[in-house]
Structures are given as structure tokens and as C-alpha cells.
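Engineer: I need the structure of the sequence given here:
(2 chains)
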Amino acid sequence: GEDVEQSLFLSVREGDSSVINCTYTDSSSTYLYWYKQEPGAGLQLLTYIFSNMDMKQDQRLTVLLNKKDKHLSLRIADTQTGDSAIYFCAESIDHFNKFYFGSGTKLNVKP
Amino acid sequence: DGGITQSPKYLFRKEGQNVTLSCEQNLNHDAMYWYRQDPGQGLRLIYYSQIVNDFQKGDIAEGYSVSREKKESFPLTVTSAQKNPTAFYLCASFSTGGLGNQPQHFGDGTRLSIL
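Structural biologist: Alright, predicted model coming up:
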């Protein structure tokens, strides 16, 4: 299957910005997603981006896509303790078919 | 409210037993999916179904079986052939109709453990 790579941990202070990075290998990916998972819960979709876009902003979230380098990032502005969770990057050729997930980045927000 | 319901939240299996995990959705979604999540790993696709009475194997289907007799329901059976069943299982669904579709919508998961 396709490889999606993420760093395992990130620790930031409350109020700082968090940047979670992801790399993928499948050049035919059409959609790239960010999901959030809180302890013991399912995955919550945060945002997604088409592969022909460079950037997407949604309130405190900014997604940047470098298609040439196959690099995706999620920036969370003014990070809050409630943002502490595991963040998964995923890619797919469309919403309907297989999603390929990274291993998740555990974000720890210190007060 | 519309959503996906997985039950039970916690499930225990004895050696040699089959167990069935329930996934029900009232979102009128056509497609449903089962994923397995292991600690420190991403989700891996077990089976998926894009329409009633049809389903396809995902990347790790061995030791699992599914059925899709109704649009709302996609139960997953973990058979005794699955040698390492302890994991967190997530069900998801997706609607194929209309514009501006949202990607896969997930349930809250079932944690399966071996006694």
C-alpha cells in the first residue's frame, strides 16, 4: 500500500502555534485529509484539501500542501489544551475508495 | 441525531471464539468501512462495502468476515483464524450522492481484547 509518514509526538505550550507534518508517496493522491482522535474515541474530520490546491484555511487551522515534495502540514494557531489529541494524516484518490492513514502524531499542549 | 453507532464499546474474546462487532448508521450512507487501529499505528482497512449485498477485502482481511444485508448495518466478525485480534476497531461510512460530499464519517470504536 501507499506510505504515509508522520512524526509520532509534538509538544507545544498553550497559545503557541503547532505544526504537524506529513509526507506521502502516492503521486496519484487526489485528496489529503487531517483527522483528530481524542482518547477512546473515533476519528473526527478536521479538514481536507484537493491535490490541486496549495493552501486551505479554516479558522485556526491552516493546511499547506507541497505537491512536488509530497508534503502536507497542519498548522493550529493559538493552540489550546483541548487540542491535545492524536492527529492523523490520510490520503486517497477519492472520498469513496481506500484511505491510507499515517501512524498519527500525538500533540501534547502544556498549560 | 444522525450518526454511526458501534457496539459494544468494549468486547472480550476467549481463545477459539468468533465475535461480532456491530456497526449501524442512520445517515443513509451507501458505503461502509471497517478499520483496525493498533497502538502507535495508523488505521488499516479490513473490509469495505460500497453497496448492499456487496463488499470487498481491504489490506488485512484475513481472519475477518463481514455481511451487508441492509444499508444501515455492516457487522464485522472476528473469527478464531485471526491470531492477533486485540485492537481498536473503527467503522466508517460515506455517502456517494450529491455534491460537496464530506469524507468518511467515523463511529466511536470498539476495543476488543483477548481473555
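Engineer: use CA for all of it now, contacts and neighbours both
Structural biologist: Noted.
Engineer: chain B contacts on chain A?
Structural biologist: Contact residues (Cα under 8 Å from any Cα of the partner chain) of chain A with chain B: A:1, A:8, A:40-45, A:88, A:95-96, A:98-104.
Engineer: and those, which are buried?
Structural biologist: The neighbour-count test (16 or more other Cα atoms under 10 Å in any protein chain shown) marks A:8, A:41-45, A:88, A:95-96, A:98-104 as buried among those.
Engineer: just the mean pLDDT for stretch B:73-86, thanks.
Structural biologist: For stretch B:73-86, mean pLDDT is 93.
Engineer: quick check: buried residues in that stretch?
Structural biologist: B:S73, B:F74, B:P75, B:L76, B:T77, B:V78, B:T79, B:S80, B:P85, B:T86.
Engineer: any weak-confidence spans in chain B?
Structural biologist: B:1-2, B:96-102 (pLDDT under 70).
Engineer: what residues are up against the residue nearest the centre of it?
Structural biologist: Closest to where the C-alpha atoms of chain B average out (Cα atoms, centre = their mean) is B:W34, at 2.9 Å. Neighbour list for B:W34: B:L45, B:I46, B:Y47, B:Y48, B:L76, B:Y89, B:L90, B:C91, B:A92 [criterion: Cα atoms under 8 Å, 6 or more residues apart in numbering or on different chains].
Engineer: contacts only, for the fifth one.
Structural biologist: Going by Cα under 8 Å, 6+ apart, B:L76 touches B:T20, B:L21, B:S22, B:C23, B:W34, B:Y64, B:S65, B:V66, B:S67.
Engineer: show me what it is bridged to.
Structural biologist: B:L21, B:V66 (DSSP bridges).
Engineer: how close does it get to A:L74?
Structural biologist: 33 Å (Cα to Cα, to the nearest Å).
Engineer: chain A contacts on chain B?
Structural biologist: B:31, B:40-45, B:58-59, B:90, B:94, B:96, B:101-109.
Engineer: re the thing from before, pretty sure the residue nearest to the centre of chain B sits in a strand.
Structural biologist: Yes: assessed with DSSP: H, G, I helix; E, B strand; the rest coil, B:W34 lies in a strand.
Engineer: excluding chain neighbours, what is closest to it?
Structural biologist: Setting aside the residues directly before and after it, B:W34 is nearest to B:C91 in space (Cα to Cα, 6 or more residues apart in numbering or on different chains), at 4.6 Å.
Engineer: burial measure for that neighbour, as a count.
Structural biologist: 33 (other Cα atoms under 10 Å in any protein chain shown).
Engineer: that one falls within a helix, correct?
Structural biologist: No: looking at B:C91 with three-state DSSP, it is strand, so not inside a helix.
Engineer: pretty sure it contacts B:G109?
Structural biologist: Yes: B:C91 is within contact range of B:G109, at 6.7 Å (criterion: Cα atoms under 8 Å).
Engineer: just the buried residues out of the contacts of B:L76, in PyMOL syntax.
Structural biologist: A single PyMOL command selects the buried members of the contacts of B:L76 (16+ other Cα under 10 Å):
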select buried, chain B and resi 20+21+22+23+34+64+66+67
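Engineer: nice, that's everything, thank you.
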